[in-house]
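>>> below is the structure, and that's it, no one-letter string:
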């Protein structure tokens, strides 16, 4: 029950935050995907992407791929939160401990993240290609997937698995801080004989601040890998359409690293870091804030549904 509540509230929070911040995400992704020498750059900063959409009357194209992104976000967050909650409860039950340590938390979060990545990678690749396509020329989900092989659909899988360290760091930091803030409340409500009681939740402000801090730390530590992943999954750009060898080389981690190093230098690995932090911190903070606020409501709905099924089961057996 608890795992299902965590998964549902996390997925809904992800859906809302993704929709609100999607135009910013599109601008950020297109900016990160560009790989040119500094004096040839089309986008000097993230605002240039927004201005291009406005000047070409393609503002609605900032939402290209929103449906796929929402679908991917909902599924990935549901799987992640369900797996994270399930593995954590399993660990506590098997170990006999009353709380989970930092090392164990990191391992559990990484395991949940790896399961999520393997299942949702094709959707992640498709949404990245849609966002980095030219404004007004984005393809739909089915066309994006059907035109490519299964191998191409899993572009960037290796680096995505590596990036499971990002949510591992984020949610471990958030969970540890949350446990400390709620420790006093949990002592008052701790009663082993009571079942299905509503769990404690952070206030909206506390959840927002903790979400922002934890995501900022995780993003700074893993950003070079994030930049490489965007380049691997991005749609073909104008300057590379005639150079198939160069385009193919960017589809590997080593090729993406070499392309960034050759054209942009060391600082290229951190291109768009401010935009990434702004988007991910806001997204994570909104997600965790919404999740915390709807957890109690979700819990009540689940209890009501469970009781309804329990009451109707004898009647169905008699019938």
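Now that the structure is in, tell me what you want to look at. Computed from a predicted model, the values in this text were never measured in an experiment.

>>> now the helices for the stretch 1-150 of the chain?
2-20, 22-33, 46-55, 66-95, 102-132, 141-146, 150-153 (DSSP state H, counting those that start in this stretch).

>>> just want the angle from the third one to helix 22-33.
By that I understand helix 46-55. Counting by axes from the mean of the first three to the mean of the last three Cα atoms, to 10 degrees, helix 46-55 lies at 120 degrees to helix 22-33.

>>> ok, residue 73 touching residue 20?
No. Residue 73 is beyond contact range of residue 20, at 11.8 Å (criterion: Cβ atoms under 8 Å). (Each C-beta comes from the backbone N, C-alpha and C, glycine too.)

>>> neighbours around residue 92, how many?
Taking other Cβ atoms under 10 Å as the neighbour definition, residue 92 ends up with a count of 14.

>>> residue 19 and residue 70 touch, don't they?
Yes. Residue 19 sits in contact with residue 70 when judged by Cβ under 8 Å, with a separation of 6.4 Å.

>>> which neighbours do those two have in common?
Shared contacts of residue 19 and residue 70 (Cβ atoms under 8 Å, 6 or more residues apart in numbering): none.

>>> quick one, which of the two is more surrounded?
More neighbours surround residue 70 than the other of residue 19 and residue 70, with 17 against 13 (other Cβ under 10 Å).

>>> who's in contact with that one?
With contacts taken as Cβ under 8 Å, 6+ apart, residue 70 has the following neighbours: 15, 18, 19.

>>> residue 294: which of these is nearest?
Checking those against residue 294 with Cβ to Cβ, the nearest one is residue 15 at 11.3 Å.

>>> so where is the stretch 1-150 of the chain shaky, pLDDT-wise?
Confidence mapping of the stretch 1-150 of the chain against pLDDT under 70 gives the ranges 1-7, 38-39, 148.

>>> on that earlier part again, out of the helices of the stretch 1-150 of the chain, nearest to residue 300?
Closest of the helices of the stretch 1-150 of the chain to residue 300 is helix 2-20, at 9.7 Å (criterion: Cβ to Cβ).

>>> need the helices of the stretch 1-150 of the chain in JSON lines with distance to residue 308, can you?
Output for the helices of the stretch 1-150 of the chain, formatted as JSON lines (distance: least, Cβ to Cβ, whole Å):
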{"stretch": "helix 2-20", "distance to residue 308": "15"}
{"stretch": "helix 22-33", "distance to residue 308": "36"}
{"stretch": "helix 46-55", "distance to residue 308": "48"}
{"stretch": "helix 66-95", "distance to residue 308": "22"}
{"stretch": "helix 102-132", "distance to residue 308": "30"}
{"stretch": "helix 141-146", "distance to residue 308": "36"}
{"stretch": "helix 150-153", "distance to residue 308": "40"}
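
>>> of all those, which one is nearest residue 271?
Taking Cβ to Cβ as the measure, the helices of the stretch 1-150 of the chain were each checked against residue 271, and helix 22-33 came out nearest at 6.6 Å.

>>> show me what that closest one is packed against.
Identification of packing neighbours for helix 22-33 by 3 or more Cβ pairs under 8 Å, 6 or more residues apart in numbering; DSSP states H and E yields helix 46-55, helix 66-95, helix 102-132, helix 204-233, helix 273-318.
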